[in-house]
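Visitor: sequence plus the predicted model coming up.
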Amino acid sequence: MMNGLPGNMGKEVAAACLRKGFKMAPYSLTGPQIQDTEVTVDDMSGGESFTVGLLKDGAEGTDEKILEMKARFGSDLICIDYTHPTAVNSNAELYARLGLPFVMGTTGGDRSKLMEDTVKSGVYAVIAPNMGKQIVALQTAIDYMAREFPGAFGGYSLDITESHQSSKADTSGTAKALANDFAVLTGAPFDVESEITMIRDAPGQKAFGVPEEYLGGHAFHMYSLRSGDGTVEFQFRHNVCGRRMYAEGTADAVEFLARQMASNAQKRVYNMIDVLKMGGI
Ligand SMILES: NC(=O)C1=CN([C@@H]2O[C@H](COP(=O)(O)OP(=O)(O)OC[C@H]3O[C@@H](n4cnc5c(N)ncnc54)[C@H](OP(=O)(O)O)[C@@H]3O)[C@@H](O)[C@H]2O)C=CC1
Ligand SMILES: O=C(O)C1=N[C@H](C(=O)O)C[C@H](O)C1
């Protein structure tokens, strides 16, 4: 069940899932601005397409339609969420209430509550602000570095700049996640709400290196660690044009979750680092 159609990631992820041979559930949760009642998604390579009915978030009869799908598809029904930061917690509550496994790619919301609610509910889930395999590998390495060498960059200042399409509603969830590890490395507090520089305007995006044709869909990140006297700088960058890498990773996460469910795995809530480590992608 691809929730967040006809959004940008919704369509990309639906396509990646179809390319992997998955079938689409007949309904998708959609947002308050959407007037259409259905949308057709395809695999973006000339193959299969599906028409999906759009259920406005909170609309009467939503639970019943989802429960009908659950009765029809059983444990083959896995929700994928690429909606809106304001919908993260309410959607996770819905999945928990109806006992639906889910992959949450949507960023923002109250992340601690999201984890708590999901763990408490006992549903299987993969939750990650970034599903791009290579970025998750970098994240894993920085996470390892922070755990092995906390304070190794003591006295260094941390600067984080990210650029995304102007429609992005929140600060990069990836930057926030990595900032926590970098703060362990510098040993100094870093406020992810106020200290990450966000670029959302076209001149700024172009100056940051974003090609003109990707102003509407890109994710450029730069993390800089600079020594106190300014003589040494480390930079880490991941610059993605388009959205395909996240969509492919999401389809892999769905397959991973289905495998964990089939094997009755004891652990139920995963992140993408788990997926990568456990050979899921
Ligand atoms: N984990 C990852 O790897 C990645 C995560 N993301 C995250 O995915 C999210 C979506 O991004 P993107 O597709 O670019 O955004 P879009 O704005 O293109 O799409 C979001 C869609 O969700 C709909 N929506 C809004 N509120 C709800 C709701 N309550 N229930 C269901 N649907 C709703 C929107 O409708 P409406 O127009 O009415 O608001 C819109 O159709 C963001 O949080 C982004 O950060 C993005 C890329 C990769
Ligand atoms: O909104 C996006 O586009 C992206 N969101 C994710 C985030 O906030 O970290 C991942 C990637 O940056 C693309």
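Guide: Here it is on my side, so go on. Ligands and ions are numbered 1, 2, ... in the order given.
Visitor: residues near residue 31, how many?
Guide: Counted with other CB atoms under 10 Å, residues neighbouring residue 31 total 17. Using the backbone N, CA and C atoms, a C-beta is placed for each residue, glycine as well.
Visitor: just give the number of residues close to the closest residue to residue 268 other than its chain neighbours.
Guide: The shortest distance from residue 268 to any non-neighbouring residue, by CB to CB, 6 or more residues apart in numbering, is to residue 124 (5.0 Å). Each residue near residue 124 was counted by other CB under 10 Å, and the total is 23.
Visitor: I'd assumed residue 267 was in contact with residue 124.
Guide: No. Under the contact definition of CB atoms under 8 Å, residue 124 does not touch residue 267, with a separation of 9.1 Å.
Visitor: which neighbours do these two have in common?
Guide: Taking CB atoms under 8 Å, 6 or more residues apart in numbering as the contact rule, residue 124 and residue 267 both touch residue 260.
Visitor: give me the neighbour count for the closest residue to residue 166 other than its chain neighbours.
Guide: Taking CB to CB, 6+ apart, and ignoring the residues beside it in sequence, residue 166 has residue 200 as its nearest neighbour in space, at 4.7 Å. Neighbours of residue 200 under the rule other CB under 10 Å: 13.
Visitor: cool, residue 179 as well?
Guide: Summarising burial for residue 179: neighbours were counted as other CB under 10 Å, giving 20.
Visitor: quick check: it touching residue 188?
Guide: No. With the criterion set as CB under 8 Å, residue 179 and residue 188 do not qualify as a contacting pair; they are 11.4 Å apart.
Visitor: shared neighbours of the two, anything?
Guide: Contact criterion CB under 8 Å, 6+ apart; residues bridging residue 179 and residue 188 by contacting each: residue 158.
Visitor: chain neighbours aside, what residue packs nearest to the spatially most central residue of the chain?
Guide: Compute the mean C-alpha point of the chain, and by CA atoms, centre = their mean the closest residue is residue 105, 2.6 Å away. In this structure, residue 105 finds its nearest non-sequential neighbour in residue 82, 4.9 Å apart by CB to CB, 6+ apart.
Visitor: thought that neighbour was touching residue 3?
Guide: Yes. The pair residue 82 and residue 3 qualifies as a contact (CB under 8 Å) at a distance of 7.2 Å.
Visitor: identify the contacts common to these two.
Guide: The overlap between the contact sets of residue 82 and residue 3 (CB under 8 Å, 6+ apart) consists of residue 10.
Visitor: helices of the chain, start to end?
Guide: Using DSSP state H, the helices of the chain run over 8-19, 62-73, 88-98, 111-121, 133-148, 173-186, 202-207, 244-262, 272-277.
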